[in-house]
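Asks: Have a look; sequence and predicted model below, questions after that.
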Amino acid sequence: MRDRFDIVLACDLAGGIGKDNALPWKLSTDLKYFRDLTTSTPVPNVLNAVVMGRKTWESLPPAARPLKGRINVVITRNPDYVMPEGHFAVDSLDAALDLLVQGPVDRVFVIGGAQIFDEALKHERLGFLYLTEIRAHFDCDTYLPDYRPFLQLMSCSEVMHENDIDFVFKVYQLNVPDYFDPQYLNLNT
Ligand SMILES: NC(=O)c1ccc[n+]([C@@H]2O[C@H](COP(=O)([O-])OP(=O)(O)OC[C@H]3O[C@@H](n4cnc5c(N)ncnc54)[C@H](OP(=O)(O)O)[C@@H]3O)[C@@H](O)[C@H]2O)c1
């Protein structure tokens, strides 16, 4: 497993990410980007892992979970939570990283939702943030914390268009002072 994990998310212009435990938009281009990014590995027979909160796991259509070709790890406070064989439930992001370091895993992607992004965006082992920036406002009930001051934009795609929605794929990298101080990452203050 690599030293750092990455985050993949899509949000609208107000930082909205969800509504009624579902995605507020339908963008097949973004779903394909997500699938290709989180599934592909350079090494045959080594999988990536996706780490998510219990609500995000339960928001996936039953036929789509576990997300295939990836080890699915769900974060929950319920010690009895049952996952399909080969997939795991743990009680924290650190527990997920500790578990995955033991296996033949290449990349680890944290894929939501807001409660898990909140912790992951402050984590000292965050590598890249793959952000689909949706250039519209949707009716949302779940939002990201403010994170941009701590991230440096590395790349941005051309503007894409689907279902009357403009969006871009951006890649950010954590950008903090050399004298790393976790207080700088307290994004809620
Ligand atoms: N736009 C995007 O990129 C994107 C991506 C993913 C999800 N979403 C959306 O986001 C929404 C879901 O997000 P959410 O914030 O409501 O839920 P979530 O983060 O997916 O899951 C929350 C659950 O995770 C567990 N959890 C959270 N913090 C924990 C901790 N510190 N220790 C142990 N367990 C912990 C708890 O599970 P238990 O209650 O079982 O203990 C909690 O109820 C949905 O609308 C979904 O569609 C959007």
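Replies: Noted; the coordinates are in hand.

Asks: Look up phi and psi at residue 31.
Replies: Phi and psi for residue 31, reported as degrees, to the nearest 10, are phi -60, psi -40.

Asks: What of residue 118?
Replies: With angles defined as degrees, to the nearest 10, residue 118 sits at phi -60, psi -40.

Asks: in the least confident helix or strand in the chain by mean pLDDT, what counts as buried?
Replies: Least confident helix or strand, the chain: strand 151-156 with a mean of 91, by mean pLDDT, DSSP states H and E. Using 16 or more other C-beta atoms under 10 Å as the test for burial, strand 151-156 gives residue 151. Yep, even glycine has a C-beta here, placed from its N, CA and C like the rest.

Asks: list the contacts for the residue sitting nearest the centre point of the chain?
Replies: Centroid check for the chain by C-alpha atoms, centre = their mean gives residue 111 as the closest residue, at 2.3 Å. Contacts for residue 111 (C-beta atoms under 8 Å, 6 or more residues apart in numbering) come out as 7, 8, 9, 34, 38, 50, 51, 52, 56.

Asks: Just the buried ones from the residues you listed?
Replies: For the contacts of residue 111, a burial check counting by 16+ other C-beta under 10 Å picks out 7, 8, 9, 34, 38, 50, 51, 52, 56.

Asks: separation between the second one and residue 85?
Replies: Going back to what we said before, that points to residue 8. 25 Å (C-beta to C-beta, to the nearest Å).

Asks: what about the strands in the protein?
Replies: In the chain, the strands defined using DSSP state E lie at 5-11, 16-18, 47-53, 70-75, 88-90, 105-110, 126-134, 142-143, 151-156, 160-162, 165-174.

Asks: need those strands in CSV with distance to the ligand, can you?
Replies: Shown next, in CSV, are those (distance: least, C-beta to the nearest ligand atom, whole Å):
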stretch, distance to the ligand
strand 5-11, 4
strand 16-18, 2
strand 47-53, 2
strand 70-75, 5
strand 88-90, 8
strand 105-110, 9
strand 126-134, 7
strand 142-143, 4
strand 151-156, 16
strand 160-162, 15
strand 165-174, 12
